[in-house]
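Student: Quick check, what structure comes out for this input:
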Amino acid sequence: MPKPSASKRVLALGLAALAAGAAGAAPAPPASLRFEQVFDTRRPASVHYEAQFLARDGRRTQQVQAWRDGDLRLKRRTGDALEVYAVHAPGEPEYEMTVLDLRRKIMTRIARTNLFRIGNFTDWFDLAHGLKHPRGDYTLRSASPPQGAGPQVGACTWYALGQGG
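Tutor: Sure, this is the predicted structure:
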């Protein structure tokens, strides 16, 4: 009987290993998703959205509305209290922000560098997308809606992000 070729032996060994693994091993946990793949923010360039979130007191909801013009401009309005305008030069870390306190009728202009000086480390991505890049090791997995999430107006995909244990 002729000897099998090297490639046939490798294929046979691979199939045997697969069969042995499938028969006795527990399924491997799903790999963690990558933040950049799940939250691909390159498209659409221009976005408008409205959302509600729970206020700090945990009882009231707040309304936020945002408009983003690519990587250039952002306007965000939170209820009837604040309006934020930000301007950014693409490819640059710096941006300038104008905050309007609608109740007290106060306008404040601030640059990213000054925000860093007072301990606010918000970069353009965080500001424009409402998402913070995870720092260090993290896990990101598909999840079910949290209890009390309220009704959904459209299709929603939920994720669980774990960091630092």
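
Student: pretty sure residue 96 is in contact with residue 74, am I right?
Tutor: No: contact criterion C-beta atoms under 8 Å: residue 96 and residue 74 do not qualify, at 11.0 Å. C-beta: built from backbone N, CA, C; applies to glycine.

Student: Please enumerate the helices of the protein.
Tutor: 6-24, 35-38, 112-117, 124-129 (DSSP state H).

Student: What is the neighbour count of residue 95?
Tutor: Per other C-beta atoms under 10 Å, the neighbour tally for residue 95 reads 23.

Student: swap that for residue 68, sorry
Tutor: Count around residue 68 with other C-beta under 10 Å applied: 22.

Student: What are the neighbouring residues in contact with it?
Tutor: Residues near residue 68 by C-beta atoms under 8 Å, 6 or more residues apart in numbering: 46, 47, 48, 74, 128, 129.

Student: And for residue 118?
Tutor: So residue 118 contacts nothing (C-beta under 8 Å, 6+ apart).

Student: could you measure it against residue 147, distance?
Tutor: For residue 118, the distance to residue 147 equals 36 Å [C-beta to C-beta, to the nearest Å].

Student: Leaving out sequence neighbours, find the closest residue to residue 70.
Tutor: residue 45 (4.3 Å; C-beta to C-beta, 6 or more residues apart in numbering).

Student: any idea how far the one you found lies from residue 128?
Tutor: 11 Å.

Student: Okay, buried residues for stretch 35-54 please.
Tutor: residue 35 (16 or more other C-beta atoms under 10 Å).

Student: which residues sit against it?
Tutor: Residues contacting stretch 35-54 (C-beta under 8 Å, 6+ apart): 60-71, 125, 129, 131, 133-134, 138, 140, 150, 159.

Student: tell me how far the ends of it are from each other?
Tutor: 24 Å (C-alpha to C-alpha, to the nearest Å).

Student: Residue 122 contacts residue 115, correct?
Tutor: Yes: the pair residue 122 / residue 115 is scored as a contact, 6.2 Å apart, by C-beta under 8 Å.

Student: where are the low-confidence patches of this structure?
Tutor: Within the chain, the segments meeting pLDDT under 70 span 1-31, 41-43, 165.

Student: isn't residue 102 right next to residue 81, touching?
Tutor: Yes: Residue 102 lies in contact with residue 81 (C-beta under 8 Å); the separation is 5.9 Å.
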